[in-house]
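**Student:** Quick one: sequence plus predicted model below, questions after.
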Amino acid sequence: MEATKKLNGKAVGKWLSNNAIIMMMLAITLIVGIIHPNFFSGTNMINLFKNVSIRYIIALGISGCLITTGNDLSAGRLAGFAACLACIFAQTEGASGKFYPNMPTLSTPVVFILVIAICAIVGLCNGLVVSYLKVQPFIATLGMQQVVYGICLVYTGGTPIGSLNKNFTSLASNTIIGVPVLIWIALVVAACFWFLYNKTRHGKYMYAIGGNEAAAEVAGVNVHATKIRIYILASCMFGLAGCLLAAKSGGASVNTAMGYELDAIAACTIGGVSTTGGVGTVPGVLVGVLVFELMKVALQFMNVNSSYTYIVQGLVIIVAVAIDIRKYLAKK
């Protein structure tokens, strides 16, 4: 009996240690909610979950890269570029300052397909550079981040794009059974990722590469093809998120989604996706994104200056990665 108690106590202590940052951030959120009752109001929670939905899709895209010990720092800029493209394609016909005056307003499904297809090409480039040129993912995607931002600047001229078709922007306001469409889309994407990660050969290959790439290759895993698929899928998610962000904001500019990749990486790490590879779950990523967004909203309710918010977010990222490395070293 004593051994069981010790074992349970040790297990609880280990769990609390591994999830300390989540518990701390939830405690802060609860305190803010008690001090400011409006924090847990229906309107605030709906807005929170809408923001979480978009960022969750980006985080899911990055999660595959992290699980294979990679990364994708082009996420934010690519989502911003996707938002700009979506706005251009979804502008109302005859609107003042229309980017392409003679182009008819495209239907919402066509806008999504075009934008995601363009983003997939960027993901293909990332995958090829990482797989065949053996460039570190951090460097490859950092370079792509600048390339995408430069293309967006040249293409749009740095001009904000608005006057969007109501059918497109209604995605952000419409509901199904009382639940915003944005949340339904995120749930569908999450279900697809859960199936992909847990029930397909691609998912098994991905975790095998993250655990030991050399051993996976010896076992017959096509490492190059798997990595290329991962980066293409990630970019498709950034494209989808960019479209949803454009619909929610009602417009876009070159600075849309700037820095989203860092939030996504932090959320993944908080949610249990290991930067050392081979570990990560779809529900865990959701927990990470939700907790991270709750913390940011809590800071706003506490009237913390936005400049200090960046400092807090940076510290959270450092602590999350430090805890992840600690867990990795403890296993060795």
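**Tutor:** Nice, thanks for sending it over. All values reported here derive from a predicted model rather than from experimental measurement. Numbering: from 1, shown residues only.

**Student:** What is the host helix or strand of M45 packed up against?
**Tutor:** Under the criterion of DSSP states H and E, M45 resides in helix 42-67. Under the contact criterion of 3 or more C-beta pairs under 8 Å, 6 or more residues apart in numbering; DSSP states H and E, helix 42-67 touches helix 75-90, strand 179-180, helix 181-199, helix 201-211, helix 223-249, helix 260-270, helix 282-301. All C-beta spots, glycine's among them, are computed from the backbone N, C-alpha and C.

**Student:** So what touches the shortest one?
**Tutor:** The list of residues contacting strand 179-180 from outside it, by C-beta atoms under 8 Å, 6 or more residues apart in numbering, reads 46, 49-50, 53, 172-174.

**Student:** Only the buried residues of stretch 91-109, if you could.
**Tutor:** Neighbour counts over stretch 91-109 (16 or more other C-beta atoms under 10 Å) mark 91, 98-99, 105-106, 108 as buried.

**Student:** Which of the residues you listed fall in helices?
**Tutor:** T108 (DSSP state H).

**Student:** Any stretches of the protein with poor pLDDT?
**Tutor:** By pLDDT under 70, the low-scoring segments of the chain are 1-21, 327-332.

**Student:** One more pass at 50, please.
**Tutor:** 1-3 (pLDDT under 50).

**Student:** Buried residues, the helix holding M45. List them.
**Tutor:** If you call a residue buried by 16+ other C-beta under 10 Å, then helix 42-67 has these buried ones: 46, 48-67.

**Student:** got it, and stretch 151-162?
**Tutor:** For stretch 151-162, burial by neighbour count (16+ other C-beta under 10 Å) applies to 152, 156, 161-162.

**Student:** Same question for stretch 174-191.
**Tutor:** By neighbour count on 16+ other C-beta under 10 Å, the buried set for stretch 174-191 is 180-183, 185-186, 189-190.

**Student:** Let's have the residues you listed in TSV, adding distance to V319.
**Tutor:** What follows is those, written out as TSV (distance: C-beta to C-beta, whole Å):
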residue	distance to V319
P180	32
V181	35
L182	30
I183	29
I185	31
A186	26
V189	28
A190	26
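
**Student:** just curious, which of those residues is nearest to R229?
**Tutor:** V189 (16.3 Å; C-beta to C-beta).

**Student:** The closest one contacts L240, doesn't it?
**Tutor:** Yes: counting by C-beta atoms under 8 Å, V189 touches L240, with 7.3 Å between them.

**Student:** Need the residues touching each of those two.
**Tutor:** Common neighbours of V189 and L240 (criterion: C-beta under 8 Å, 6+ apart): I57.

**Student:** Kindly provide the distance from S307 to G314.
**Tutor:** As judged by C-beta to C-beta, to the nearest Å, S307 and G314 stand 12 Å apart.

**Student:** my bad, should have said G278
**Tutor:** 26 Å.

**Student:** just T175 next, same as before
**Tutor:** Taken as C-beta to C-beta, the span from T175 to G314 is 36 Å.

**Student:** hang on, G203 packs against F193?
**Tutor:** No: between G203 and F193 there is no contact under C-beta under 8 Å: 9.1 Å.

**Student:** Of the two, give the one with the bigger neighbour count.
**Tutor:** F193 (22 against 18; other C-beta atoms under 10 Å).

**Student:** Verify the contact between that one and L60 for me.
**Tutor:** Yes: when contacts are counted by C-beta under 8 Å, F193 is listed as touching L60 (5.0 Å).

**Student:** Identify the contacts common to these two.
**Tutor:** With C-beta under 8 Å, 6+ apart, F193 and L60 have common neighbours V282.

**Student:** re the thing from before, quick check, nearest of the contacts of strand 179-180 to G271?
**Tutor:** Among those, S53 lies closest to G271 (C-beta to C-beta), at 15.3 Å.

**Student:** residues in contact with that closest one?
**Tutor:** 180, 182-183, 185-186, 244.

**Student:** 7 Å instead?
**Tutor:** 182-183, 185-186 (C-beta atoms under 7 Å, 6 or more residues apart in numbering).

**Student:** Without its sequence neighbours, what residue ends up closest to it?
**Tutor:** Nearest non-adjacent residue to S53, counting by C-beta to C-beta, 6 or more residues apart in numbering: A186, 3.7 Å away.

**Student:** My guess is that neighbour contacts R55. True?
**Tutor:** No: the criterion here is C-beta atoms under 7 Å, and A186 misses it with R55 at 9.2 Å.

**Student:** related to what we said a few turns ago, and G278 and G314? Which one has more around it.
**Tutor:** Set side by side, G278 and G314 show more neighbours around G278, with 20 against 12, by other C-beta under 10 Å.

**Student:** Wait, the more buried one touches I209, no?
**Tutor:** No: with contact defined as C-beta under 7 Å, G278 does not count as touching I209 (8.1 Å).

**Student:** F112: which of the helices and strands packed on helix 42-67 is closest?
**Tutor:** The nearest among these, by C-beta to C-beta, is helix 223-249 at 5.3 Å.

**Student:** No more questions from me, cheers.
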